[in-house]
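Colleague: the amino acid sequence is not available; the structure is as follows:
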Ligand code: 13P
């Protein structure tokens, strides 16, 4: 078992008709919790970090740790840059050894998005790595900035985007949003079905936090092969840490607190792996 490309895991997910979980991490405890769940369930996963998280969790520190975790795991793991916003960051992740990168040009006009993603695909061809890109606008926000309005992916544009760029995976916008949903999301399965029929590459669902198991399964039946989970893991870690500190207000212990952080992420990742059903 080893560090693998994301494409390898997406191909396996396609064969099995399931999805691979892509879990965002921001510190060592999150990496350990995610890997522990993957090993226990004997399931490959993707460890990822988004560019907006790098001011909190620098790439030079997180990258080598994520790669070391993958190399030493008892399951296959891909290490992915999520929502790369600058080609320089994508290049830096590739140089560190990431086996997958996403460039997010979803806020740009279609022509510009195609132009930059084409360049990214060209850059990545010098590495053994996978490219994900996004079309349409996923709601909410990965970081702390203003929330984006959802704009569903246009299936005809998706065909052109995939054909002209040569990407390996397409992140779609079907009413999904990053962060906690204020109300249960209403996903456009009709749009997803049209995209799935029209494009050949595996589809990626962002904004996994707050989506129900039933909705996940329906997305998987319509071609989603990678599902991103971030907020639910951050929240679970914070809740476990808070419960620990509330129980030990006099003298919290760093080592016990660290173990609680691992446990919080482990529980959340395990729950999602079981739904996504990858083996
Ligand atoms: P959530 O924070 O909603 O789980 O979204 C994760 C994600 O899509 C990361 O790119």
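Modeller: Done, it's in. The model shown is predicted, which means the values in this text are computed figures rather than measured ones.
Colleague: quick check: residue 75 touching residue 39?
Modeller: Yes. Using C-beta atoms under 8 Å, residue 75 makes contact with residue 39 at a distance of 5.7 Å. Every residue, glycine included, has its C-beta placed from N, CA and C.
Colleague: which stretches of the stretch 51-200 of the chain have low pLDDT?
Modeller: For the stretch 51-200 of the chain, the stretches with pLDDT under 70 are 143-145.
Colleague: can you give me the helices in it?
Modeller: Secondary structure of the stretch 51-200 of the chain by DSSP state H, counting those that start in this stretch: the helices cover 59-72, 87-96, 110-124, 155-165, 189-198.
Colleague: so residue 75 and residue 39 - more neighbours on which side?
Modeller: Neighbour totals were compared for residue 75 and residue 39, and residue 75 leads with 18 against 15 (other C-beta atoms under 10 Å).
Colleague: how near is the more buried one to residue 98?
Modeller: Residue 75 is 18 Å from residue 98, where distance means C-beta to C-beta, to the nearest Å.
Colleague: likewise for residue 90?
Modeller: 9 Å.
Colleague: those two: who's more crowded?
Modeller: residue 98 (29 against 24).
Colleague: can you lay out the helices of the stretch 51-200 of the chain as JSON lines showing distance to the ligand?
Modeller: Formatted as JSON lines, the helices of the stretch 51-200 of the chain follow (distance: least, C-beta to the nearest ligand atom, whole Å):
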{"stretch": "helix 59-72", "distance to the ligand": "15"}
{"stretch": "helix 87-96", "distance to the ligand": "15"}
{"stretch": "helix 110-124", "distance to the ligand": "17"}
{"stretch": "helix 155-165", "distance to the ligand": "18"}
{"stretch": "helix 189-198", "distance to the ligand": "16"}
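Colleague: can you lay out the ones you listed as JSON lines showing distance to residue 206?
Modeller: What follows is the helices of the stretch 51-200 of the chain, written out as JSON lines (distance: least, C-beta to C-beta, whole Å):
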{"stretch": "helix 59-72", "distance to residue 206": "19"}
{"stretch": "helix 87-96", "distance to residue 206": "17"}
{"stretch": "helix 110-124", "distance to residue 206": "16"}
{"stretch": "helix 155-165", "distance to residue 206": "15"}
{"stretch": "helix 189-198", "distance to residue 206": "13"}
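Colleague: which strands and helices lie in contact with the helix or strand harbouring residue 9?
Modeller: Per DSSP states H and E, residue 9 falls inside helix 6-16. On a contact count with 3 or more C-beta pairs under 8 Å, 6 or more residues apart in numbering; DSSP states H and E, helix 6-16 meets strand 20-24, strand 77-84, strand 130-134, strand 169-172, strand 224-229.
Colleague: for it, which residues meet the burial criterion?
Modeller: Within helix 6-16, the residues scored as buried using 16 or more other C-beta atoms under 10 Å are 6-10, 12-13.
Colleague: next: stretch 103-115.
Modeller: Result for stretch 103-115 [16+ other C-beta under 10 Å]: buried residues 103-106, 113-114.
Colleague: just the residues contacting it, thanks.
Modeller: With contacts defined as C-beta atoms under 8 Å, 6 or more residues apart in numbering, stretch 103-115 is touched by 83-85, 87, 90, 116-117, 120, 131-138, 148, 157, 160-161, 164-165, 171, 173.
Colleague: can you flag the buried ones in those?
Modeller: 83-85, 90, 116-117, 120, 131-138, 148, 157, 161, 165, 171, 173.
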